[in-house]
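>>> Okay, predicted coordinates and the sequence, questions at the end:
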Amino acid sequence: MAPKTNLQLIQECDNFPYYEDDSEFYERHMSNYHTFKVNGCNAVLGYIPNSIVEKFHWIENDWKVDSTARTVTLMAAPDAEPAVRNEIMTRLIAEAVRRETFEVLKGWRNEMYPIYAPGGKFLMEIERCASPLFGIITYGVHMTGYVEDEKEGMKLWVARRSKTKQTYPNMLDNTAAGGMSTGEHPYACAIREAAEEASIPAAVFEERARPVGVLTYFYVRDARAGGETGLLQPEIEYVYDIKLDASHTVKPCDSEVEDFRLWTVDEVRQSLKEGEWKPNCAVVILDFLIRHGILTPENEPDYLEIMARIHRRLPFPTVKFLK
């Protein structure tokens, strides 16, 4: 297999078409989806593949499916409380689980992901594993632990995902990462994930970690993600760097991580070329290399395209994490 370029790694993660590249193709492509809406909110909240719409057993009166306009609308009262919408969505997903309609629902997580209206107003929530069925924006955190070695320079703590993990088994991963549940803010989520996945105590994180930006992309799931292929996963990832002492050993704290290895930048870059990384984790690492002056406009021919693709403007409402 030919080595992967950095742009190919980005394209593997940000792989939903762009209107600007070919407007006619984009319009044809969009005919494969219904838009997901909530009564009383004018915004489109996600894209649902037509094939998924056809498999759901929509509960009469709770949902309106318009095959001509290609819309699916949750029909709670326009001024309904989030709990009312949650109850409607929960019944729909429970029926799909009972009928064993979708493979992706076999990865039940008992985690709830939020859905927001324009302005960041909380509309409702949905079980994590069901979120790709509706193509909503999901939020997460990713962090890269690194040390400055006197002899070998910068070295990164790289995780190997468990061989038995349902999604992307045995692929390489960031030092710690995870999805943000309803009501969670990025920093609190990052502290939790650092402790749960990499045994980094909260005190160490608070002293040594720093927020370094946010990445956005629009991912079309393949077989490695588990469940149905072609589901949409637009994501927003809050990114942190953690500079650790050479004496601090990062180690697994749960069953999701097989092991950690402390790799030089050259070793990390070689593993990227070999396609060993989970797609969105490769994006986080490339962003790290850019921010630390390792990938530059002078040595990366696709620098501008990469920068644009990892900060994609998504077509759905987003939230403001203000306290």
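Yep, it's here.

>>> As a check, name the ranges of all helices in the stretch 201-323 of the chain.
202-208, 265-273, 279-291, 303-309 (DSSP state H, counting those that start in this stretch).

>>> In a markdown table: those helices, plus mean neighbour count and distance to residue 90.
(Each C-beta comes from the backbone N, C-alpha and C, glycine too.) As requested, those are arranged in a markdown table below (neighbours: other Cβ atoms under 10 Å; distance: least, Cβ to Cβ, whole Å):
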| stretch | mean neighbour count | distance to residue 90 |
| --- | --- | --- |
| helix 202-208 | 14 | 33 |
| helix 265-273 | 17 | 40 |
| helix 279-291 | 23 | 28 |
| helix 303-309 | 16 | 35 |
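
>>> Indicate which one of those is closest to residue 77.
Nearest to residue 77, of all these, is helix 279-291, at 36.9 Å by Cβ to Cβ.

>>> so what's the nearest residue in space to residue 181 that is not next to it in sequence up against?
Of all residues not flanking residue 181 in the chain, residue 111 sits nearest, at 5.2 Å (Cβ to Cβ, 6 or more residues apart in numbering). Residue 111 makes contacts with 127-128, 179, 181, as judged by Cβ atoms under 8 Å, 6 or more residues apart in numbering.

>>> Kindly report the same for residue 116.
Here residue 116 is in contact with 122-123, 137, 317-319 (Cβ under 8 Å, 6+ apart).

>>> what about residue 79, neighbour count?
8 (other Cβ atoms under 10 Å).

>>> Look up how far residue 24 lies from the closest residue to it other than its chain neighbours.
Of all residues not flanking residue 79 in the chain, residue 40 sits nearest, at 6.5 Å (Cβ to Cβ, 6+ apart). Between residue 40 and residue 24 the computed distance is 34 Å (Cβ to Cβ, to the nearest Å).

>>> quick revisit: of the contacts of residue 116 - the most surrounded one?
residue 137 (23 neighbours).

>>> For that one, grab phi and psi.
phi -70, psi 140 (degrees, to the nearest 10).

>>> quick one: contacts for it?
46, 116, 234-236, 314, 316-318.

>>> ok so, going back, pull the number of nearby residues for the residue nearest to residue 79.
16.

>>> now residue 244
21.

>>> ok, it touching residue 154?
No: contact criterion Cβ atoms under 8 Å: residue 244 and residue 154 do not qualify, at 11.6 Å.

>>> overlap in contacts of these two?
Residues touching both residue 244 and residue 154 by Cβ under 8 Å, 6+ apart: 146-147.

>>> residue contacts, residue 197?
159, 175-178, 252-254, 256-257.

>>> Buried subset of those residues as a ChimeraX selection?
Here is the ChimeraX command that selects the buried residues among the contacts of residue 197 (16 or more other Cβ atoms under 10 Å):
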select :159,175,176,177,178,252,256,257
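
>>> can you list the contacts of residue 197 in CSV and add pLDDT and distance to residue 91?
Below are the contacts of residue 197 laid out as CSV (pLDDT from 0 to 100; distance: Cβ to Cβ, whole Å):
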residue, pLDDT, distance to residue 91
159, 94, 37
175, 96, 39
176, 95, 35
177, 95, 32
178, 94, 28
252, 81, 38
253, 75, 36
254, 72, 32
256, 77, 30
257, 85, 36
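
>>> For residue 139, which non-adjacent residue is spatially closest?
residue 180 (4.2 Å).

>>> count of neighbours near the one you found?
For residue 180, using other Cβ under 10 Å, the count is 25.

>>> and it, what does it touch?
Contacts of residue 180 by Cβ under 8 Å, 6+ apart are 113, 138-141, 186, 189, 238.

>>> I'd like to know which of those are part of strands.
Among the contacts of residue 180, the residues falling in strands (DSSP state E) are 113, 138-141, 238.
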